[in-house]
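Engineer: With the input below, show me the fold.
(chains A and B)
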Amino acid sequence: MPRPARDVVFVDGVRTPFGKAGPRGLYAETRADELVVKVIRELLRRNPGLPPERVDEVAVAATTQTGDQGLTIGRTAALLAGLPHRVPGFAIDRMCAGAMTAVTTVASGIAVGAYDVAIAGGVEHMGHHPMGEGVDPNPRLLAEKLVDPAAMVMGATAENLHDRYPAITRERCDRFAAASQAKLAAAYADGRVQPDVVPVAVRSAERGFGLATVDEPPRPGTTTATLAGLPTPFRPHGRVTAGNSAGLNDGATGCIVAAEEVAAELGLPARMRLVSFAFAGVEPEMMGEGPIPSTERALRTAGLGIDDLGLFELNEAFAVQVLTFLDHFGLADDDPRVNPDGGAIALGHPLACSGVRLMTSLARHFAGHPEVRYGLTAMCVGIGMGGSVIWENPGYTGAAG
Amino acid sequence: MSAGGQRPAYAEVVTRALARDVDLPGGGRIVLVTLDNGLDHTRPNTFGPAGLAELEAAVTAAAARPDVDAIAVTGKPFGFAVGADLTAVPGVRSRDQALEIARTGHRVFRRFADSAKPTFALVNGVAMGGGLELALHCRYRTISAGVPAISLPECFLGLIPGWGGTWLLPNLVGADRAVTVIVENPLNGNRSLTGRRAATLGIADATFAPADFLEQSLGWAGRVLRGEVTVDRPEPDRGPAWDAAVGRGRAAADAKVHAAAPAPYRALDLLAAARTATRDDGFAAEDEALADLLLGDELRAGLYAFDLVQRRARRPVGAAAPELARPVTKVGIVGAGLMASQLGLLFARRLQVPVVLTDLDQGRLDAGVGRVQAEIDALSGRGRLSVEAAARLRGLVTGSLTLDAFADADLVLEAVFEDRAVKAAVFADLEAVVADGCVLATNTSSLSVTEMAAKLRCPERVVGLHFFNPVAVLPLVEVVRGARTDQPTLATALAVATSLKKSAVLVRDAPAFVVNRLLTRFLGEVIRAVDAGTPIPVADRALAPLGLPLPPLVLLGLVGPAVALHVAETLHAAFPERFPLSGNLAALVAAGKTGVYTWGPDGPSVDPDVAALFPAPTGGVPPTEPEVRRRALDALADEARRLLDEAVVAAPQDIDLCMILGAGWPFHLGGITPYLDRAGIAERVTGRRFLPPGVASLR
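Structural biologist: Below is the predicted model of the structure:
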């Protein structure tokens, strides 16, 4: 039976405010699955044209799938959010690219006709689930030198990038980090961030209930001078600091992905059209290089070149890792097409949820840039991987907006 | 609440008022006050003096802040607040103290009503009594659709909703609905409303799903503050419907407590006045009513009774160690009569294990099993059981003509004809079939468990499980310990009672145990008066001032004269001087009468056949109404004291628990011993009180 692939569109994306992980953080006493529930309900509320029973799958990513991120969180969060029993769900993991993989997985299902509409997203409560919680690496990984010991510590892999690319200095990284903070502050001031954020009730046994409405990690006013004095925890006299990296954060994201024809039938907006995606592996101890081969592969699949891309949402796990990507493709450190409203260094990076945050940001940029036809969301992934998704702007007119 | 013995000094579990600023996404700042006593959902928020002071400080501070637009109050997870901290009540001795409690609540809650800034109650969980009243004082209310219970249960305990409820609620939703919530529901088994239902009645302005209740409530509050949402509430009907509703409430109160408990009537007076009273006058009248009731013995007895059913009923005094209980994976019931069918369904439904009924012939057996199946169909038809649950239950209940079906049963309950020899023979037959660990239980209502077991190889496995008719309604099981009953058997019986969701009271084997012994003695005095020529309606009316659920001779009809006579004969055999046999009762049974009344459209009237059955008394002056009452109550006091002296139960509290749960005797009597104490009957008849002053009485 011949089966034509269907076009897949990104309908809408939302996220919780991001919090700082830890006992004093915004979500210290709030469950991870509750964050997912708020996201799913907000997606349905914003898109009343989507009957809940038309959701065919709920894919939720989490790096650590135990405790309040366990019990097949895509399924349990769907039930908790009030979706009908008939709507299935699953949990998925590709570390930092979890939500991105949730999107590409359900998009693939939509393309082959297995689903019409799906919800995909991710959550990471790094306060409840610190990185490395409960891991039990196979001793062969190190004994047989399958991976370098540094591969297990993300900051150490970032230091390794500096060794390989000496042109990327700490000063360049700090400058990039300060710019990320400044761009996010400007976006906040212009009200460009708030529309994608769903408020979350947070409880503290000591302080009672409150309402999270804004991100906790940003440090507006950060300058290269303030960054220059920060210690380098991964290596004495190293280059990677808390200031030029994403922090340890809590948060959840989600989006509606649909077959383009079904979105049209239901009157749902098509904010982005999926063009191609790719994942690729690199040396685990050089984790941050990952987005380079994955982007090259996605461009090749799409028949596009880097110059065809008008907007980039690159996950800022580490400034050095973004700069490695920019240098490779010949883009300037301050290219205005890259992370126009800042990135994870300012906003935070709750591991598995960030992929959809990139997409939601890109969708918002697309709406304001009808002259841009193609955009990229890309990120590096632990244990040496990269993930890239190329999107088309359905509002593309060819003319400057 | 502490019921018995030495009362510990009052220590308030303080419900804190945690205030936190919330900046709303669309603009506006709310101070959100979370009520939180620091304990989990099983220990809900209550209001004592320190908690109220903290709430007052929080709302006062927020009201004074120029940078704040509104004040909202919500509860800890799953619970808003359940009202005044009643553990403080035993310490209230003076009218000034009582008035202080009433006025403090009003003063603190009125800060929400009188605040210049809009106030919002975000009812996220259970809200009862003063908790709901706090919400009513706020200008706006949202409620979670997941809230299981919203109520004003004060009249159930012997109080009124006196922190604003009797004025605010009728002025919000009208007298009709307010009478339902304040009077009818509390008197009707202390019913409560779901969150959705409360919203339908107009108690809340908006309802949101529990999944993001607080977020949506705060968003709604913001829209109200910005004028994007306006709240329209229908004006209550202040016409004749108001007084009609209050009249309906009075009829409900009369039917339930027969004017014997003051609380519902005080509430109805306040509800009637609320039609025209100013808020100040309404609240002042609440203060007076609350002070009166706080100093009344009915409330003290009500709190004592509440504590018994909440706590003592769940942990029977004198119980065997629970870990000795053996698992029960199959139950046998000997007999397939009416009671046996009821028990079969109860065991199958609650224990979810196979239940086998037996009887002497196929016809009776089929009828018994058929009754269970029909009841399962009825439950399923009413939506009380899912299709699958009904199918599972049907498969669990079967019949067998032979006892070998009990070979692998862990508990066999006999519910055959009330005859000691018959029951002993049943046990002997069972012992030949069942496994060693199997508990043999009897549902006898009066016979000796010890004697029934005497001839058995293992008498230690026999125990009494005395259920009350109707089994589905009355929560009591008297667990009867025979002279030889061993601890594992007792522990198993108690565990089974708990699994059946019944309340167990442990009693020593003695004729007719507790409930039937007291009721028979009490009823005996009424019948004796009738035998002596007191007209039946006069004798029956004599006990009306107690507010019992039924007049004694109406109860006789419900129990059935034959059953009553059988119990009376058992007790007569044991204690002939206190339990004389009434020739009239025997004649009633012999004539096949089901009671002394016939029931017409206007209620009961004395059956003329019965009047003809009873011979004219031979001389003497028949007892008057007060004499009948005195004799009946004296008899109760005497018999209750004897139950304690014979160690049939451990304490007066067990007697009261039995009468509340097994006979439906009212909270305002505290069961019975608090009433016998406070009326001076106990001291006059037995020379001493049942309970120390202050335990279930003011002094």
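
Engineer: what sits against the closest residue to A:Gly82 other than its chain neighbours?
Structural biologist: Leaving aside its chain neighbours, A:Gly82 sits nearest to B:Ala211 (5.7 Å; criterion: Cβ to Cβ, 6 or more residues apart in numbering or on different chains). The way it works is simple: take the backbone N, C-alpha and C, and place the C-beta from them, glycine included. Residues near B:Ala211 by Cβ atoms under 8 Å, 6 or more residues apart in numbering or on different chains: A:37-38, A:41, A:80-82.

Engineer: Now go through the residues you listed and say which are in strands.
Structural biologist: Taking DSSP state E, every one of the contacts of B:Ala211 sits outside strands.

Engineer: Any chance of JSON lines for those residues, columns neighbour count and pLDDT?
Structural biologist: Converted to JSON lines, these look like this (neighbours: other Cβ atoms under 10 Å in any protein chain shown; pLDDT from 0 to 100):
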{"residue": "A:Val37", "neighbour count": "24", "pLDDT": "98"}
{"residue": "A:Lys38", "neighbour count": "25", "pLDDT": "98"}
{"residue": "A:Arg41", "neighbour count": "23", "pLDDT": "98"}
{"residue": "A:Leu80", "neighbour count": "18", "pLDDT": "98"}
{"residue": "A:Ala81", "neighbour count": "27", "pLDDT": "98"}
{"residue": "A:Gly82", "neighbour count": "15", "pLDDT": "97"}
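
Engineer: Of the residues you listed, which belong to helices?
Structural biologist: Under the assignment DSSP state H, the contacts of B:Ala211 contribute A:37-38, A:41, A:80 to helices.

Engineer: With distance to chain B added, can I get the residues you listed in CSV?
Structural biologist: Listed next are those as CSV, based on distance: Cβ to the nearest Cβ, whole Å:
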residue, distance to chain B
A:Val37, 6
A:Lys38, 6
A:Arg41, 5
A:Leu80, 6
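
Engineer: Closest one of these to A:Phe209?
Structural biologist: Set against A:Phe209, the nearest of these by Cβ to Cβ is A:Lys38 (14.0 Å).

Engineer: burial of whichever residue of the stretch 401-550 of chain B sits closest to chain A, as a residue count?
Structural biologist: Across the stretch 401-550 of chain B, no residue is closer to chain A than B:Lys501, which sits at 27.9 Å (Cβ to the nearest Cβ). By the measure other Cβ atoms under 10 Å in any protein chain shown, the count of residues near B:Lys501 is 10.

Engineer: now the strands for the stretch 151-300 of chain A?
Structural biologist: Applying DSSP state E, counting those that start in this stretch to the stretch 151-300 of chain A gives strands spanning A:200-204, A:208-212, A:249-259, A:272-281.

Engineer: Select, from the contacts of B:Ala211, the two members most distant in space.
Structural biologist: Across the contacts of B:Ala211 (Cβ to Cβ), the longest gap, 11.8 Å, separates A:Lys38 and A:Gly82.

Engineer: For whatever residue of chain A ends up closest to chain B, give me its contacts.
Structural biologist: Here the residue of chain A nearest chain B is A:Gly208; by Cβ to the nearest Cβ that distance is 2.9 Å. By Cβ under 8 Å, 6+ apart, the contact list for A:Gly208 reads B:18-20, B:32-34, B:36.

Engineer: Make TSV out of these and add neighbour count and distance to A:Ala280.
Structural biologist: Output for these, formatted as TSV (neighbours: other Cβ atoms under 10 Å in any protein chain shown; distance: Cβ to Cβ, whole Å):
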residue	neighbour count	distance to A:Ala280
B:Leu18	21	50
B:Ala19	21	52
B:Arg20	17	47
B:Leu32	28	48
B:Val33	26	53
B:Thr34	27	49
B:Asp36	25	51
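
Engineer: State the number of residues packed around residue 215.
Structural biologist: By default, I'm working from chain A. A:Asp215, neighbours per other Cβ under 10 Å, totals 23.

Engineer: let's do chain B instead
Structural biologist: B:Glu215, neighbours per other Cβ under 10 Å, totals 21.

Engineer: Quick check, it in contact with A:Lys38.
Structural biologist: Yes - between B:Glu215 and A:Lys38 there is a contact under Cβ atoms under 8 Å: 6.7 Å.

Engineer: what touches both of those two?
Structural biologist: Common neighbours of B:Glu215 and A:Lys38, counting by Cβ under 8 Å, 6+ apart, are A:198-200.

Engineer: Point out where chain A drops to low pLDDT.
Structural biologist: A:1, A:400-401 (pLDDT under 70).

Engineer: quick one: the helices in it?
Structural biologist: A:32-46, A:73-80, A:98-111, A:140-143, A:154-164, A:170-189, A:224-228, A:260-266, A:291-302, A:319-329, A:344-347, A:354-368.

Engineer: Deepest in the core, which of the ones you listed is it.
Structural biologist: Each of those was assessed for mean neighbour count using mean count of other Cβ atoms under 10 Å in any protein chain shown. The highest is helix A:344-347, with a mean of 30.

Engineer: near chain B, which residues of chain A show up?
Structural biologist: A:37-38, A:41, A:80-82, A:194, A:198-201, A:203, A:205-211, A:213 (Cβ under 8 Å from any Cβ of the partner chain).

Engineer: Now with 6 Å, please.
Structural biologist: Contact residues (Cβ under 6 Å from any Cβ of the partner chain) of chain A with chain B: A:37-38, A:41, A:81-82, A:199, A:201, A:207-211, A:213.

Engineer: I figured A:Thr101 was touching A:Ala91, is that so?
Structural biologist: No - using Cβ atoms under 6 Å as the test, A:Thr101 is too far from A:Ala91 to be in contact (11.3 Å).

Engineer: Residue 354: what's it in contact with?
Structural biologist: Here I'm looking at chain A. A:Asn315 (Cβ atoms under 6 Å, 6 or more residues apart in numbering or on different chains).

Engineer: The intended chain is chain B.
Structural biologist: B:Pro354 makes contacts with B:330, B:396, as judged by Cβ under 6 Å, 6+ apart.

Engineer: ditto for B:Gly125
Structural biologist: By Cβ under 6 Å, 6+ apart, the neighbours of B:Gly125 are B:75, B:78-80, B:147.

Engineer: Check the residues of chain A next to chain B and tell me the two furthest apart.
Structural biologist: Of all pairs drawn from the residues of chain A next to chain B, the greatest distance, 28.3 Å, lies between A:Gly82 and A:Arg207 (Cβ to Cβ).

Engineer: on that earlier part again, just the closest of the contacts of B:Gly125 to B:Ala591, please.
Structural biologist: Distance to B:Ala591 across these (Cβ to Cβ) is lowest for B:Val147, with 54.7 Å.

Engineer: Assess the claim that that closest one and B:Gly195 are in contact.
Structural biologist: Yes - counting by Cβ under 6 Å, B:Val147 does reach B:Gly195; the two are 3.2 Å apart.

Engineer: between the two, what contacts are shared?
Structural biologist: In contact with both B:Val147 and B:Gly195: no residue, using Cβ under 6 Å, 6+ apart.

Engineer: picking that back up, mind putting the contacts of B:Gly125 into TSV with distance to B:Arg279 and pLDDT?
Structural biologist: Putting the contacts of B:Gly125 into TSV (distance: Cβ to Cβ, whole Å; pLDDT from 0 to 100) gives the following:
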residue	distance to B:Arg279	pLDDT
B:Gly75	25	98
B:Phe78	32	94
B:Gly79	28	96
B:Phe80	23	98
B:Val147	27	98
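
Engineer: Neighbour count, secondary structure and distance to A:Gly384 added to those residues, as JSON lines?
Structural biologist: Formatted as JSON lines, the contacts of B:Gly125 follow (neighbours: other Cβ atoms under 10 Å in any protein chain shown; DSSP: H, G, I helix; E, B strand; the rest coil; distance: Cβ to Cβ, whole Å):
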{"residue": "B:Gly75", "neighbour count": "31", "secondary structure": "strand", "distance to A:Gly384": "49"}
{"residue": "B:Phe78", "neighbour count": "17", "secondary structure": "coil", "distance to A:Gly384": "46"}
{"residue": "B:Gly79", "neighbour count": "25", "secondary structure": "strand", "distance to A:Gly384": "49"}
{"residue": "B:Phe80", "neighbour count": "27", "secondary structure": "strand", "distance to A:Gly384": "52"}
{"residue": "B:Val147", "neighbour count": "28", "secondary structure": "coil", "distance to A:Gly384": "51"}
